[in-house]
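>>> Fold the following, please.
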Amino acid sequence: MIIDKIANISMYRIIPDHVVDFIKNLPKDVSLGRHDILDKDYANVEVYETKKIADGKFESHNNYIDIQILLDGSEKIYYTSTANVSVDIPYDEKRDIMFYSDKIDEYDSVTLDGTNFAMIFPHEAHAPQIATKEGASEVKKLVVKVKV
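Residues are numbered from 1 along each chain as shown. Take a look at the predicted model:
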């Protein structure tokens, strides 16, 4: 996982230029839903209520790198290597997702707060949408999917 300030996102050559341009030029009032970027890269913008740590579940994706950025609010994302966790729900090829049974609070976390991003690779399990110590809140989030 790479965690860094959004201002540094263009430093990562693994991120295609068209994705960096999309992120840097994203309007504050971007509409919810799917936004096709180029080729097989796309982004989802969503609004939701963060959840309790006990309700968090690790997931991973085989075909895409996630770049997660909060546009409003803050949340925690727990993470670990997929080698450290046990499969709960097998890989769903159509949805490109697998879920794990392990408790997330035994692993490291990062807080996304609108100034930073998390880039999550296929070999990394992550549990997003977790409330910070301030409690549950509504967030607006950009998740860019970069085809591997």
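>>> check contacts around residue 50.
Counting by CB atoms under 8 Å, 6 or more residues apart in numbering, residue 50 touches 73, 75, 129-132, 136-139. Placement of C-beta: from N, CA and C, glycine included.
>>> Show me the two of the residues you listed that sit farthest apart.
Among those, the pair separated by the greatest distance (CB to CB) is 130 and 138, at 13.9 Å.
>>> Of the two, give the one with the bigger neighbour count.
residue 130 (21 against 10; other CB atoms under 10 Å).
>>> Can you verify my assumption that that one contacts residue 76?
Yes. With contacts defined as CB atoms under 8 Å, residue 130 counts as touching residue 76 at a distance of 4.2 Å.
>>> shared neighbours of the two, anything?
Taking CB under 8 Å, 6+ apart as the contact criterion, the common neighbours of residue 130 and residue 76 are 53, 109.
>>> got the contacts of residue 50 as JSON lines, with distance to residue 23 and secondary structure columns?
Below are the contacts of residue 50 laid out as JSON lines (distance: CB to CB, whole Å; DSSP: H, G, I helix; E, B strand; the rest coil):
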{"residue": "73", "distance to residue 23": "18", "secondary structure": "coil"}
{"residue": "75", "distance to residue 23": "18", "secondary structure": "strand"}
{"residue": "129", "distance to residue 23": "20", "secondary structure": "strand"}
{"residue": "130", "distance to residue 23": "23", "secondary structure": "strand"}
{"residue": "131", "distance to residue 23": "25", "secondary structure": "coil"}
{"residue": "132", "distance to residue 23": "23", "secondary structure": "strand"}
{"residue": "136", "distance to residue 23": "27", "secondary structure": "coil"}
{"residue": "137", "distance to residue 23": "23", "secondary structure": "coil"}
{"residue": "138", "distance to residue 23": "22", "secondary structure": "strand"}
{"residue": "139", "distance to residue 23": "17", "secondary structure": "strand"}
